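>>> Turn this into a structure:
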Amino acid sequence: MSQDLAMEARNKAGDYFRRGYNCAESVFLAFRDLAAPGLDTGLVKMFTGLGGGLGHAGCICGALNASALSIGLLKGRTSADGDRYSCYNLTSEFHDLFKERFGGTCCRALNRYSFDSKEHIKNCLKITGNTGKLLMEFLMTKDLVKPE
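Numbers count the residues shown, from 1 in each chain. So this is what the prediction gives:
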């Protein structure tokens, strides 16, 4: 059952990307649909600037950034005296998992094709969908999301 949820996350993230959302928006929307449906869909606006490695700067992958923010939505703190280290540790662990899976974290290193070229879109689609899956698997192993 848990693998079904992870595959659904992969498919949803990929479908959002195919519909025109960027990598970060797609990962967030898939996360929202499956793990946090009570979140306002308007929050997707916060993820727009992450596409292309922070606004096409080519830095940290937008799908990775969206995953970190999604982890924060589940484990982040709401006051300055709250625990930040549980979220830090989870985010760091996911970062390392992403890096191991994809061979890096920098958008320009993960996808060397020209932005919005056919090859770039195809490669980014794979990364986006697989990041959605990786995130859901990670959240389930940490008991942050429970398969229904």
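
>>> model confidence over stretch 97-107, on average?
Taken as a whole, stretch 97-107 has a mean pLDDT of 97.

>>> Now tell me what touches that stretch from outside.
Here stretch 97-107 makes contact (CB atoms under 8 Å, 6 or more residues apart in numbering) with 52-53, 57-62, 64, 67, 95, 109-110, 127, 130-131, 134, 138. The way it works is simple: take the backbone N, C-alpha and C, and place the C-beta from them, glycine included.

>>> of these, buried ones?
Buried residues within those, defined by neighbour count using 16 or more other CB atoms under 10 Å: 52-53, 58-62, 64, 67, 95, 110, 127, 130-131, 134, 138.

>>> so which two of the residues you listed are the farthest from each other?
Within the buried ones among the contacts of stretch 97-107, 58 and 138 form the most distant pair, 24.7 Å apart (CB to CB).

>>> that older thread, among the contacts of stretch 97-107, which ones are in helices?
Counted as lying in helices by DSSP state H, out of the contacts of stretch 97-107, are 52-53, 62, 64, 67, 95, 109-110, 127, 130-131, 134, 138.

>>> how about low-confidence regions in the chain?
Flagging of the chain using pLDDT under 70 yields the residue ranges 1-2.

>>> Can you show me the helices along the protein?
Under DSSP H, the chain gives helices at 2-18, 23-35, 51-54, 62-75, 85-102, 107-110, 118-141.
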